[in-house]
Structure formats: C-alpha cells, structure tokens
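Participant: Show me the folded form of this:
(2 chains)
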Amino acid sequence: MTQDGAPMSCQELVELVTDYLEGALDDDTRIRFDHHIGLCPGCETYLRQMQETAARLGSIPAESLPAEAQTALLDAFRDFLR
Amino acid sequence: MGDDESELLASLRAGDEATFARLVNEWSRPMLLLARGFVSTEASAEEVVQETWLAVIRGLDGFQGRSALRTWVYRILVNIAKTRGVREHRSIPWSSLGNDDSGSTVDPDRFRGPEDPYPGGWRSFPTEWRSAEDGVLDSEIRDHLRLALEQLPDRQRIVLTLRDVLGCSSEEVCGLLEVSAANQRVLLHRARAAARTVLAAYLSEPSEEAS
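Facilitator: Sure thing, here's the model as predicted:
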C-alpha cells in the first residue's frame, strides 16, 4: 500500500486510522502517520471525527427485555434452583 | 459492569433472586443489541436473549470461571444467535471477508488525482462538525448512529456493536466471533468510517459528504 520511506498521502492515511488507533501499525508506518497528522489539518480533523464517532456509539441507549419476559426468567431461575 | 465477579457468581449460585433480576435487566440491554446483529427482527432478538438466560441458568453450576462471566454469557448468546440466524437464512461467514469489506472508505473524489502535484491529498479538508453550542442534540446524533448501524452489512454491524457500542476488547471480539485480529480491524474500520460518513452528513454545514 505505502512504500517504505515515501510520504504518506491523505488518501492512504484515512484507511490506516483504525489500525493506528488499535496500535496495529508497524513502527515505520506509525512514524509516517504521526508525521503526516502533525502537518495536515484535514487528516487531523478526520482522525478526531473517527474517534468522536467511536465514542458517541458508546452512548447509544439500549432497551432491556420487556417486563413480562424478565418476570418469566426470574420464575425460571427460581424453579431451576429450587 | 463493576461487579465483583466471584461475589456475583456466588450470589447467583446461591439463588439470590435480586442479583439475577438486576443482571437480567442490565445485561439484556447490550445482549439485545448484539442479538439484533444476527437475526432479522426485534422479536427474534428478544427470544435469543431469553434463550440465552435460560442456558445461563442451566449452566451456572458448570461455569468454570475460565473466562469472565460476561464473556461466557456473550458466547452463549452468539452461539444461539448464530443457530437462529441460520434458520432465518442469515448465516454469516466469519472466516473470510466479503465484497462489502474492500475498497475505499472515503469517496475517492475527495482526493486529488495522480496528475496533481499532491496526489492523494484532500481537495478540501473535512468540515469541522457542529457541536452542542450550534444546537446539535445528542439525541439526534444517537438516532443517526442507530440508523447507520442498521444500514451496515451484517458482519460490520456486529463488530461495531461489540467494540464501540458495548465496549468489548478486540481480543474478546475475535474470540466470540472466531475472526482473525486483522479481519476484525478491517470490519471495524469500514463500519466506523461508514458511521462517520453518516454523522458528517448531519453535522457538517454545509453538507460536505453530499457534494
């Protein structure tokens, strides 16, 4: 994908964002990533927005089981352990 | 969850109904989201979660504690959900990636072409997003993200749900889904990028991604 030593383009960088955040880039690629991010406001914004997306996904509210289903499970728990 | 695992397990094994009721109420939330990744309807997801809890009740005494309690419960859920997904003709292959999982995650037109002095550079930078000060409501952002999740290909939705919505580690996800670390990252990346694009369409003024 990217050649050793060649500067990383923005188009290459956006596809490496998750590997970067996961700590999965090799040292050379990570150094070139950091170097590019330090100089490029567009990619800095892109990285920040990917992080914000991930963080906001963690705030999606989740419904629980309907009350009747929870009661039925509690009955099953009681019966099984009796 | 912040619970002390051994205490929790001891309470459950002793038949403590309050502990079980609390666990069912709290853990069923992430479990429903996860189940929804595998089956076609909300009702079907609810049945998967109920079936999972019944299997948990039956398996409590045999649980060895080799994995965390939550991981064990999730593993039971994934197995039940997979079986049901097969019955609903939604069997999902995990060993290899599919057509949805390759190609650019950002529209290539947003970058300069090969003839340009800066090939692969942004034509224009991604627009800064509007925030709460601009009247953006967290609830609306969550609605957009839910919609984004629904629109994802199955595997991407399941990985994104586990990692970013439920906060599982990559090791946990790879173990649960029997997917390699590299493929897990590909699916996570594509799913996050798609979710970012949905948010960008909503939070950029004027709409950057539509142009």
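Participant: For chain B, which residue gets nearest to chain A?
Facilitator: The minimum distance from chain B to chain A, using C-beta to the nearest C-beta, falls at B:Gly120 (2.9 Å). For the C-beta atoms, the positions are set from N, CA and C on the backbone; glycine is no exception.
Participant: For burial, what's the neighbour tally of A:Ile31?
Facilitator: Using other C-beta atoms under 10 Å in any protein chain shown, A:Ile31 is surrounded by 12 other residues.
Participant: Show the backbone phi and psi for it.
Facilitator: The phi/psi pair for A:Ile31 (degrees, to the nearest 10) reads phi -60, psi -40.
Participant: for B:Phe111, same thing?
Facilitator: phi -110, psi 150.
Participant: In chain A, where is pLDDT below threshold?
Facilitator: A:1-5, A:82 (pLDDT under 70).
Participant: need the longest helix for it.
Facilitator: helix A:41-57 (DSSP state H).
Participant: What is the burial count for the residue nearest to A:Gln51 when sequence neighbours are not counted?
Facilitator: Nearest residue to A:Gln51, sequence neighbours excluded (C-beta to C-beta, 6 or more residues apart in numbering or on different chains): A:Leu21, at 7.0 Å. The tally of other residues near A:Leu21 (other C-beta under 10 Å) stands at 17.
Participant: do the same with B:Glu46
Facilitator: 20.
Participant: Which residues are in contact with it?
Facilitator: A:Leu65, A:Pro66, A:Ala69, B:Leu32, B:Ala35 (C-beta atoms under 8 Å, 6 or more residues apart in numbering or on different chains).
Participant: Tell me which residues of the helix or strand harbouring it come out buried.
Facilitator: Per DSSP states H and E, B:Glu46 falls inside helix B:42-59. Judged by neighbour count using 16 or more other C-beta atoms under 10 Å in any protein chain shown, the buried positions of helix B:42-59 are B:44-54, B:56-57.
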